[in-house]
Structures are given as C-alpha cells and as structure tokens.
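[1] 3D, please:
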Amino acid sequence: MGSCQPFTDDEPFDKRVKTLADNELLEIWEETQQLEDLLRTQMQTDLAMAPEYERLIVSELQLRSNRALLHVR
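    You can find the predicted model right below:
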C-alpha cells in the first residue's frame, strides 16, 4: 500500500485532485480498489466504497491525457 495520508485541510477532493501528481492519483485509486475488494470479501456484499473518488480521478487523468496529446501535435 502507498503512503497517501488523509487530507489535513478542508479543500474538497474535487479541487484537490487537480493539484495531485498522476502517480498520487493512481495510488489513491489503487488503494481504494484494494479496500473495496477486501471489504467485499469480508462482508460478502457488493460494495462501492468511493465511486465519486474514482470518477473524479479517472476524469482528471483523461483530461491530462487529452491535454498531453494536444501538446504533442
């Protein structure tokens, strides 16, 4: 597991996601997936722990990827 700590300030995640590096975003996403899988196994339920986090992370990474492609052209 990674080293991401809970945010200490009051900035909402949808704002904070824009300031995190790609590797930090991927680490948060990976940790969330691992926690969901663990909880699903332990609780034997179909649990979606943080779909909003996942949506925000994927959207931000897609935006960055599109920007990078535009700069290459």
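[2] check contacts around the most centrally placed residue in the chain.
    Averaging the C-alpha coordinates of the chain gives a centre point, and the residue nearest to it by Cα atoms, centre = their mean is W29 (3.6 Å). Going by Cβ atoms under 8 Å, 6 or more residues apart in numbering, W29 touches Y53, E54, I57, V58. Glycine gets a C-beta too; all of them are placed from N, C-alpha and C.
[3] E31 is in contact with the first one, correct?
    No. Using Cβ atoms under 8 Å, Y53 and E31 do not qualify as a contacting pair, with a distance of 10.0 Å.
[4] hang on, the earlier thing: ok, the contacts of W29 vs L25, which is closest?
    Using Cβ to Cβ, I57 is the member of the contacts of W29 that sits closest to L25, with 4.9 Å.
[5] where does that closest one land in three-state SS?
    The three-state label given to I57 by DSSP: H, G, I helix; E, B strand; the rest coil is helix.
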